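Enquirer: Fold the following, please.
(one chain, ligands or ions: 1)
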Amino acid sequence: MVLAELGTRISKAIGSLSAASVIDEKVLDTVLKEICTALLQADVNVKQVANLRNGVKKRVNIQELAAGLNKQRVIERAVFDELCDMLDSGADPKKLDLKKEKGKQATVMFVGLQGCGKTTTCTKYAYHYKKKGWKPALVCADTFRAGAFDQLKQNATKAQIPFYGSYKETDPAAIAQQGVLRFKEEGRDLIIVDTSGRHKQEAALFEEMRQVAAAVAPDLIIFVMDGSIGQAAFDQAKAFKEAVEVGAVIITKLDGHAKGGGALSAVAATKSPIIFLGTGEHMDQFESFETKRFVQRLLGKGDVSGLMDKIQDVIPEDKQPELLDTISKGNVTMRVLKDMFESVLELGPMSQMMSMLPGFNSDLLPKGNDKQSQIMIKRYITIIESMTDKELDTTNIKILSEPSRIERLARGSGNPPQQVVALLESYKHYAKYATQALKAANLPKNLKSMKGDVQMNPRQMQAALGKMSKALPPQLLQQLGGMGGLQSLMKGLDGKMGGFGGK
Ligand SMILES: Nc1nc2c(ncn2[C@@H]2O[C@H](COP(=O)(O)OP(=O)(O)OP(=O)(O)O)[C@@H](O)[C@H]2O)c(=O)[nH]1
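Expert: Residues are numbered from 1 along each chain as shown. Predicted coordinates:
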């Protein structure tokens, strides 16, 4: 979870109000003191922290509050609005989100100082759009660092994305031009140019950027910034904004670094549009940044629309109605289960997915379980892949449970028989509860219609989560901290759902 510690400290400070018998100026000042300390320790600029404090006091105006008003809610809302103001880069990221238009080929150029995470982020960006149906390609115009092309080649191969580079050419502008030309001819519709990160100072970096930009005329230039530099990001972001017409920022390494809050608020202060965040070294640790949804998650209010986006990303839209229909009619087969397992893997780290559920905070998820969950799911998928069509399409668990069949599936997939038995257990659970879960969640036929702020009231969300938790394979549920973990998640829901999702 991004900036988990900061979010938890702010939510706990606000949560302490429920224990106050009277909420007066003194109590409010104590809460604000804790919030400001947490922000300063996240390296947020002292002026921005003072602005937030004064802004909350102005919005709350404790003396004027009408009697009977829920003061905790008023304060919570004031803190939420002030955090949004602090982190709002003033630009609408949706405008910088690439729009697929027939025949249109977009060129995006990445720049960033040495070691900021640019090459990794280029590939994450390409992979993000590939999942949305784009045909991306990567061009390595970093002629300075010898290993740069090899690194990009390795990343691109893993993500199965075409790449272009050269070990001989030394002029970055020439390589960039050749690569863009080549991929335009091949009909790729998103061409990403990775430039060298050799510079320590932005002035030299932006000079080289201008040369390469003149050669490829990019539709968008993205400045990759290392979140661990904290509020020092202000000067770099300001210089970038002054140097380019159409620019956007991606902040990396926000996972686990204490100063990420400072970088985020500093860049926002320059009004440079932040479009994505890097939240780890892996391909799917990459999140689109939208201020309100980010602050909601920071405060443990969840981001159900973000979760729906992710689910909608991994379950192709044309498959959704059929899949939802199949499951709600109880026709859950091993083939369906394999689709669901593959979708869960695509959704990214379990903690990232769970952090989009309201009431979730990172303490709920036992550490290090993402890896185990993924290993278990991949093992189940290999067992299912060794099934015959008859086994894949039956809903008769008795057929699947014959000892000889278990033996054969174990041998065929290279897993011990007890893993096959565990898979059958998960299948039984999933087949039984998924139908009920979908009915409880009352999901529309097509998740797309759930876009925007998904509003479920606490009871609805709790019921859906309760059924969905039963639909999870027992071992997967175990990885998530068992029913205990999810119960506290639901308890959290009860207390916290009053979210700020929109109007
Ligand atoms: N934890 C974490 N590590 C990251 C993230 N993004 C990149 N990294 C790591 O940061 C290091 C540098 O990443 P690169 O992509 O090589 O950075 P670069 O800017 O291309 O480097 P140069 O081309 O040498 O300037 C690598 O070890 C990456 O795995 C992130 O979001 N979180």
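Enquirer: ok, and what's touching stretch 47-57?
Expert: Contacting residues not belonging to stretch 47-57 are listed as 28, 32, 35-36, 39-40, 75, 78-79, 81-83, 85-86, 265, 269 [CB atoms under 8 Å, 6 or more residues apart in numbering]. Backbone N, C-alpha and C define where each C-beta goes, glycine included.
Enquirer: May I ask which of those has the most neighbours?
Expert: Leu83 (27 neighbours; other CB atoms under 10 Å).
Enquirer: any idea which of the contacts of stretch 47-57 is the one closest to Leu220?
Expert: The closest of those to Leu220 turns out to be Ala269 (CB to CB; 21.7 Å).
Enquirer: show me where the stretch 301-450 of the chain has helices.
Expert: For the stretch 301-450 of the chain, the helices defined by DSSP state H, counting those that start in this stretch occupy 304-314, 320-328, 334-347, 350-354, 369-385, 389-393, 397-400, 403-413, 417-441.
Enquirer: isn't Leu299 right next to Phe80, touching?
Expert: Yes. With contact defined as CB atoms under 8 Å, Leu299 reaches Phe80; the gap is 6.4 Å.
Enquirer: and the residue in the chain positioned nearest to the ligand, helix, strand or coil?
Expert: As assessed by CB to the nearest ligand atom, the ligand sits closest to Gly197 within the chain, at 2.2 Å. Following DSSP: H, G, I helix; E, B strand; the rest coil, the label given to Gly197 is coil.
Enquirer: For the residue nearest to it when sequence neighbours are not counted, list the residues it contacts.
Expert: Computed as CB to CB, 6 or more residues apart in numbering, the closest residue to Gly197 that is not its neighbour in sequence is Gln114, at 4.6 Å. Neighbouring residues of Gln114 by CB under 8 Å, 6+ apart: 197-200.
Enquirer: and Gln114, which of the three is it?
Expert: Quick answer, by three-state DSSP: Gln114 is coil.
Enquirer: and it, how far is that from Ala4?
Expert: Applying CB to CB, to the nearest Å, the value for Gln114 to Ala4 is 28 Å.
Enquirer: Also Lys104?
Expert: For Lys104 relative to Ala4 (CB to CB), the value is 39 Å.
Enquirer: Which one's more surrounded, those two?
Expert: Ala4 (18 against 11).
Enquirer: CA atoms of stretch 132-145 as CSV?
Expert: Output of stretch 132-145 as CSV, limited to C-alpha atoms (Å, rounded to 0.1, in the frame of the first residue of the first chain):
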residue,chain,number,x,y,z
LYS,A,132,-5.9,-2.2,-22.4
GLY,A,133,-5.6,-3.5,-25.9
TRP,A,134,-2.9,-1.2,-27.3
LYS,A,135,0.0,-2.4,-29.4
PRO,A,136,3.0,-0.8,-27.6
ALA,A,137,6.7,-0.9,-28.6
LEU,A,138,9.8,0.3,-26.8
VAL,A,139,12.7,2.2,-28.3
CYS,A,140,16.0,2.4,-26.3
ALA,A,141,17.6,5.8,-27.1
ASP,A,142,19.9,5.5,-24.1
THR,A,143,23.3,5.4,-25.9
PHE,A,144,25.2,6.4,-22.8
ARG,A,145,24.9,3.5,-20.4
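Enquirer: So what's the gap between that stretch and the chain middle?
Expert: What separates the centre of stretch 132-145 from the centre of its chain is 22 Å, taken as CA atoms, centre = their mean, to the nearest Å.
Enquirer: again, but for stretch 279-290
Expert: Using CA atoms, centre = their mean, the offset of stretch 279-290 from its chain centre is 5 Å.
Enquirer: try stretch 61-78
Expert: Its chain's average C-alpha position is 33 Å from that of stretch 61-78, according to CA atoms, centre = their mean.
Enquirer: contacting residues around it?
Expert: Outside stretch 61-78, the residues touching it (CB under 8 Å, 6+ apart) are 14, 17-18, 23-25, 28, 31, 55-56, 59-60, 299, 498, 500.
Enquirer: Just the buried ones from the residues you listed?
Expert: Neighbour counting by 16 or more other CB atoms under 10 Å classes 14, 17, 23, 28, 31, 55-56, 60, 299, 500 among those as buried.
Enquirer: Write out the residues of the stretch 201-350 of the chain neighbouring the ligand.
Expert: 252-253, 255, 278-281 (CB under 6 Å from any ligand atom).
Enquirer: mind running it again at 5 Å?
Expert: Contact residues, the stretch 201-350 of the chain versus the ligand (CB under 5 Å from any ligand atom): 252-253, 278, 280-281.
Enquirer: could you flag which of those residues are buried?
Expert: Counted by 16+ other CB under 10 Å, these give 252-253, 278, 280 as buried.
Enquirer: Can I get those in JSON lines including secondary structure and pLDDT?
Expert: Shown next, in JSON lines, are those (DSSP: H, G, I helix; E, B strand; the rest coil; pLDDT from 0 to 100):
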{"residue": "Thr252", "secondary structure": "strand", "pLDDT": "95"}
{"residue": "Lys253", "secondary structure": "coil", "pLDDT": "92"}
{"residue": "Gly278", "secondary structure": "strand", "pLDDT": "93"}
{"residue": "Gly280", "secondary structure": "coil", "pLDDT": "88"}
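Enquirer: ok, which stretches of the stretch 51-200 of the chain are strands?
Expert: For the stretch 51-200 of the chain, applying DSSP state E, counting those that start in this stretch gives strands covering 106-112, 136-141, 163-164, 190-195.
Enquirer: Now do stretch 395-415: distance to the chain's middle.
Expert: Using CA atoms, centre = their mean, the mean C-alpha position of stretch 395-415 is found 37 Å from that of the whole chain.
Enquirer: okay, how far is it across it, tip to tip?
Expert: End-to-end distance of stretch 395-415 (CA to CA, to the nearest Å): 23 Å.
Enquirer: Could you give me the buried positions within that stretch?
Expert: Using 16+ other CB under 10 Å as the burial criterion, the residues of stretch 395-415 that qualify are 400, 405-406, 408-410, 413, 415.
Enquirer: Any regions of the stretch 401-503 of the chain where pLDDT drops low?
Expert: Scanning the stretch 401-503 of the chain with the threshold set as pLDDT under 70 gives 433-503.
Enquirer: Report how many residues lie close to Gly179.
Expert: Gly179 has 25 neighbours, counted by other CB under 10 Å.
Enquirer: Next, the contact list for Ile383, please.
Expert: Shown in contact with Ile383 (CB under 8 Å, 6+ apart): 409-410, 413, 415, 419-420, 423.
Enquirer: make that Ala266, sorry
Expert: Each residue near Ala266 by CB under 8 Å, 6+ apart is listed here: 45, 230-234, 237.
Enquirer: ok, and the most crowded of the residues you listed?
Expert: Ala233 (29 neighbours).
Enquirer: That residue belongs to a strand?
Expert: No. Counting by three-state DSSP, one finds Ala233 to be helix, located in no strand.
Enquirer: ok, it touching Gly260?
Expert: No. If you go by CB under 8 Å, Ala233 and Gly260 don't touch, sitting 9.9 Å apart.
Enquirer: Overlap in contacts, these two.
Expert: Common neighbours of Ala233 and Gly260, using CB under 8 Å, 6+ apart, are 227, 251.
Enquirer: thinking again about what came up before, and the two most separated of the contacts of stretch 47-57?
Expert: Spatially, the most separated pair among those is Leu28 and Ala269, at 25.4 Å (CB to CB).
Enquirer: List the contacts of stretch 273-281.
Expert: Outside stretch 273-281, the residues within contact range by CB under 8 Å, 6+ apart are 2, 89-93, 96-97, 117, 120-121, 124-125, 128, 222, 227, 247-255, 264, 267-268, 285-289, 349, 352.
Enquirer: just for the protein, where's the confidence low?
Expert: Along the chain, the parts satisfying pLDDT under 70 run over 1-2, 92-94, 257, 301-321, 323-324, 327-328, 343-344, 346-370, 433-503.
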